[in-house]
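S.K.: what's the 3D shape of this:
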Amino acid sequence: MSDLPSARTHKAGGRPGSAPPAQRSLFQKLMELVSPGPESRDELIESLADAEQKELIPPESRMMLEGVIRMADMTAGDVMVAAPHMDQLDIDADYDDLLHGVIATGHSRFPVFEDRRENVIGILMAKDLLKLQRSPDLNLRTLLRPAVFVPESKGLNELLRDFRSNRNHLAIVIDEFGSTAGLITIEDVLEEIVGEIEDEFDDKDGESGIYTLADGSQRVAGDVEIEAVNETFASTLSSVDFDTIGGLVAHELGRVPRRGEAVTLDGLVFTVMLTRGGAVRWFKVTRAPEEALGSDGG
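M.R.: Reported below is the predicted structural model:
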């Protein structure tokens, strides 16, 4: 934090309240860069890129500023995980089923539904399952926390402010008819600004990006090279135009896929488990059913 200007600064020729010469020089350079000023957000983003190129701001700052600018036009509906792809828990499920669901997905919070998936009655913290283990007779409903509902049209800026003030980390997104459209977390919003935030799915100490899951399927990182995928699955995916499996899948779709979407290539089903910073972070890979292979374009 900068201090208030001192009398010594004023006597040296600086105006009261002016920044030190070095800071003023950097500020003036930045002003000269954008002068007479960008007329659109696209021009402002281009100006930031120029500032980075001229080493006025570091790349990390430029990316964050771009994220803030772009986020101004984004809504909860743009970032949410769509309802069909939400990982949820059934209030009537037994403890073993609940535990299996928590372990399989690795989330810390889960929407809990009753009767039908659209009927979300609360949020369960994964750590609260320990209470059920110690006291099997405990009613699961007493462990639920209130669910927060937001409309699809809610701006991300406003939503982030709500997350911070209400100390909620997850919200259920509803459409114009009041039906569940999806869910969004504070991490989803923050990553629009800062990019990927490492979590429980991220590699540790240079480990391989291909893992075997409990159900026999594979978890494959989006930045794993296609040759490594071919070696693991004995597939023949082409690596001529793309180096990584994430790039190949995005090319097949013509865009970055959302969580839960799936693409079948060369007899393999790539289901998106996690996206971060405009790219697929993790896929779940399974063998395509025999009857589907006839229509597989891979």
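S.K.: every contact and neighbour count from this point should use C-alpha atoms.
M.R.: OK.
S.K.: so who does the nearest residue to L170 once chain neighbours are set aside touch?
M.R.: Excluding its sequence neighbours, the residue lying closest to L170 (Cα to Cα, 6 or more residues apart in numbering) is T185, at 4.3 Å. Going by Cα atoms under 8 Å, 6 or more residues apart in numbering, T185 touches 80, 169-171.
S.K.: nearest to E261 among those residues?
M.R.: For the contacts of T185, the residue nearest E261 by Cα to Cα is M80; the value is 13.3 Å.
S.K.: bridged to the closest residue to that closest one other than its chain neighbours, which residues?
M.R.: Distances taken as Cα to Cα, 6+ apart put I184 closest to M80, at 4.7 Å, once the chain neighbours are dropped. Taking DSSP bridges as the rule, I184 bridges to A171.
S.K.: for I184, give its distance to I174.
M.R.: Per Cα to Cα, to the nearest Å, I184 is found 11 Å from I174.
S.K.: for R117, same thing?
M.R.: According to Cα to Cα, R117 stands 13 Å off from I174.
S.K.: which parts of this protein are strands?
M.R.: For the chain, the strands defined by DSSP state E cover 81-82, 89-90, 109-114, 116-125, 149-151, 170-174, 180-185, 210-212, 218-221, 262-265, 268-276, 279-287.
S.K.: and the fifth one, what does it pack onto?
M.R.: Translated: strand 149-151. helix 76-79, strand 170-174 (3 or more Cα pairs under 8 Å, 6 or more residues apart in numbering; DSSP states H and E).
S.K.: and the average pLDDT for stretch 59-68 is what?
M.R.: Along stretch 59-68, the predicted confidence averages to a pLDDT of 76.
S.K.: circling back: I121 is nearest to which of the helices and strands packed on strand 149-151?
M.R.: I121 lies closest to strand 170-174 among the helices and strands packed on strand 149-151, at 10.6 Å (Cα to Cα).
S.K.: can you list contacts of the closest one?
M.R.: With Cα under 8 Å, 6+ apart, strand 170-174 has contacts from 76-77, 80, 109, 147-152, 163, 180-186.
S.K.: and it, how far out from the chain's middle?
M.R.: 15 Å (Cα atoms, centre = their mean, to the nearest Å).
S.K.: which ones are touching I57?
M.R.: A51.
S.K.: that should have said H169, apologies.
M.R.: So H169 contacts 163, 185-187 (Cα under 8 Å, 6+ apart).
S.K.: remind me which residues of the stretch 51-200 of the chain are low pLDDT?
M.R.: For the stretch 51-200 of the chain, the stretches flagged by pLDDT under 70 are 195-200.
S.K.: domain map for the chain?
M.R.: 17-71, 77-194, 210-295 (automatic domain parsing).
S.K.: mind picking the two most distant members of the contacts of T185?
M.R.: Pairwise distances among the contacts of T185 were taken by Cα to Cα; the largest, 13.1 Å, belongs to M80 and H169.
S.K.: now the helices: where do they sit in the stretch 1-150 of the chain?
M.R.: 7-11, 21-34, 41-53, 59-71, 76-79, 95-105, 129-134 (DSSP state H, counting those that start in this stretch).
S.K.: report the buried residues of the third one.
M.R.: By 16 or more other Cα atoms under 10 Å, the buried positions in helix 41-53 come out as 44-45, 47-52.
S.K.: how about the shortest one?
M.R.: Taking 16+ other Cα under 10 Å as the neighbour-count basis, helix 76-79 is seen to contain the buried residues 76-77, 79.
S.K.: which one among the residues you listed gets closest to A262?
M.R.: Using Cα to Cα, the buried residues of helix 76-79 come closest to A262 at V79, 17.8 Å.
S.K.: ok, that closest one - contacts?
M.R.: 184, 188-189.
S.K.: and R287, by the same measure?
M.R.: R287 is in contact with 267-269, counting by Cα under 8 Å, 6+ apart.
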